[in-house]
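Peer 1: whatever this is, show me its structure:
(one chain, ligands or ions: 1)
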Amino acid sequence: MEIAVAGVGYVGLTTAVCLADIGHTVICVDIDKKKINSLKDGNSPIYEDGLGELLNKNKDRLSYTTEEKLAYQKADVIFVCTGTPSRSNGSANLDYVFNVINSIKKSSNKDKVVVIKSTVPVGTCDKVEKKLNDNSKHKFYVVSNPEFLSQGSAVKDMLLPSRIIVGTDDLYSTEIMKKLYEPLTKIPYCAPYLLVDRESAEMAKYAANNFLALKIAYINEVANLCEKTGADIKAVTKTMSYDKRIGDSFLKTGIGFGGSCFKKDTKAFDYLGKTNGCEMKTVKATIDANQKQNLILLDKVLSTVDNLNGKKVAVLGLSFKPKTDDLRDSVSIANVDVLLEYGAEVNVYDPLVLDGFKKLYGDRVSYYDTIDEAIKKCDFAMIMTEWDEIVSYDLNKYRKYMKKPIIYDGRNCYDLEDVKKAKIVYYSIGRRKIGKDKV
Ligand code: UDX
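Peer 2: Next comes the predicted model:
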């Protein structure tokens, strides 16, 4: 079976490489020449744990092109993996998806299965199928196959998925998809394979992502209340996690969620509810609570630092979460903007995305590739991403290098007892403050 994957972003490239790894021949298509040339040279244009190795391991089954017609004509199955960013009204912008669909239609030469992996509003597969089959000599079968890849562990999530969801209403694509994913449903992968109708598959993605986002927004509100009442959020979430109905994941408190998925998927779900006359109050509350949470660390800074103007600040961690080089909708961006607005001098540190950040901020901030250098002579530090390098950093070094060892930790990286021992002034989320000094 010949497979084409349209779009070589985090989802498309991971999908392509993993499908090659389970034995398929895959051609990757993208209109971005730079990305395709980089792949032809054997280099992944994105950082994703384990992707580089798999790309190399399966190079004989993978090819790359910007020639859409060539790729789509060759393929029996085409995966659409383009982005669906937010429009200003919150709805999902489907332009990239339909650009690919138009191009598939123009290249039409035989019957094909078109798999929509991009996150799209319920009813999109129907529209795509109508568009493709309208006045067409060949038959297109459209399948919804949402992804649940988490950046940083996308390869693992693709090869060992919690579930594979296939949404289709016809027998032909049911058989093709079963064959395509068969290796992942067997030993050693053993993924549960769930066959549903197309609308339910489209809904499943939004329902899952919004539920996870809601969980984060909820636990952050509990954390804020813990701070006011003297409870400790780490102790509270630990007790909650013993309840199997709640579980222990997505209870990590901090400065809220960022990244390209949760932010756009909550907005799109809210919009989908509105346009269907079904207000999603919990989704709206998630969006509002998270927006507030994204700036909660700055609120702490503003209420405890006399005047930010001229203060030297180290911002530690820039990507929206650890183990990714993705800066899209990263919470650090909103925070750095405010710090600069108030006249602070900003030093930034990140183990992976300094170059990407430089493209956004130029010489408005100073860049450091070690924490030691970034915090030198700083008035205070703000932790935005829980990279291992930051979590395992020797706390005594904050005292050694900074003007005063004052830390605002947006990801609760450190144990309060360790912080106390290191004689650091420490503000975190949902826990008591340690130390007395002021900036
Ligand atoms: C998410 C979904 O997890 C994935 O299934 C979907 O396909 C795409 O969207 P991703 O955005 O890569 O994946 O990262 P995720 O690990 O879910 O984290 C998203 C954001 O939530 C990050 O900013 C992270 O820091 C934050 N988060 C996550 C928390 O604040 N607390 C948590 O407990 C978990």
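
Peer 1: surely residue 34 touches residue 45?
Peer 2: Yes: between residue 34 and residue 45 there is a contact under CB atoms under 8 Å: 7.3 Å. C-beta coordinates here come from the backbone N, C-alpha and C atoms, glycine included.

Peer 1: give me the number of residues near residue 369?
Peer 2: 11 (other CB atoms under 10 Å).

Peer 1: now it: phi and psi?
Peer 2: The phi and psi values for residue 369, taken as degrees, to the nearest 10, are phi -100, psi 10.

Peer 1: try the one 10 residues further on
Peer 2: For residue 379, the backbone dihedrals (degrees, to the nearest 10) come out as phi -80, psi -40.

Peer 1: my guess is it meets residue 311, correct?
Peer 2: Yes: between residue 379 and residue 311 there is a contact at 4.5 Å, judged by CB under 8 Å.

Peer 1: which neighbours do the two have in common?
Peer 2: 305, 439 (CB atoms under 8 Å, 6 or more residues apart in numbering).

Peer 1: more neighbours: which of residue 34 and residue 45?
Peer 2: residue 45 (15 against 9).

Peer 1: for that one, which residues are in contact?
Peer 2: Counting by CB under 8 Å, 6+ apart, residue 45 touches 8, 13, 34-35, 38-39.

Peer 1: give me the distance between the residue of the chain most remote from its centre and the ligand.
Peer 2: What lies farthest from the middle of the chain is residue 137; by CA atoms, centre = their mean that is 39.3 Å. Distance of residue 137 to the ligand, computed by CB to the nearest ligand atom, to the nearest Å: 36 Å.

Peer 1: that residue - nearest residue in space that isn't next to it in sequence?
Peer 2: Sequence neighbours aside, residue 108 is the residue nearest to residue 137 in space, at 6.9 Å (criterion: CB to CB, 6 or more residues apart in numbering).

Peer 1: so what's the residue count around that neighbour?
Peer 2: Burial of residue 108 is recorded as 18 neighbouring residues (other CB under 10 Å).

Peer 1: before we move on, what about residue 256?
Peer 2: Residue 256 has 24 neighbouring residues, counting by other CB under 10 Å.

Peer 1: before we move on, the earlier item: can I assume the residue farthest from the centre of the chain sits in a helix?
Peer 2: No: per DSSP: H, G, I helix; E, B strand; the rest coil, residue 137 lies outside any helix segment and is coil.

Peer 1: list the strands paired with the helix or strand hosting residue 3, with their directions.
Peer 2: Using DSSP states H and E, the secondary-structure element containing residue 3 is strand 2-6. Sheet pairing of strand 2-6 (DSSP bridges) gives strand 25-29 (parallel), strand 77-80 (parallel).

Peer 1: return the residues of the chain in contact with the ligand.
Peer 2: Residues of the chain found near the ligand (CB under 6 Å from any ligand atom) are 147-151, 209, 212, 216, 250-252, 254, 257-259, 261-262, 320-321.

Peer 1: show me where pLDDT drops low in the stretch 251-400 of the chain?
Peer 2: Across the stretch 251-400 of the chain, no stretch falls below the confidence threshold (pLDDT under 70).

Peer 1: packing partners for the longest helix along the chain?
Peer 2: Counting residues, the longest helix in the chain under DSSP state H turns out to be helix 198-229. Where contact means 3 or more CB pairs under 8 Å, 6 or more residues apart in numbering; DSSP states H and E, helix 198-229 is packed against helix 124-133, strand 140-144, strand 164-167, helix 233-241, helix 260-275, helix 281-294.

Peer 1: thanks again, I'm all set now.
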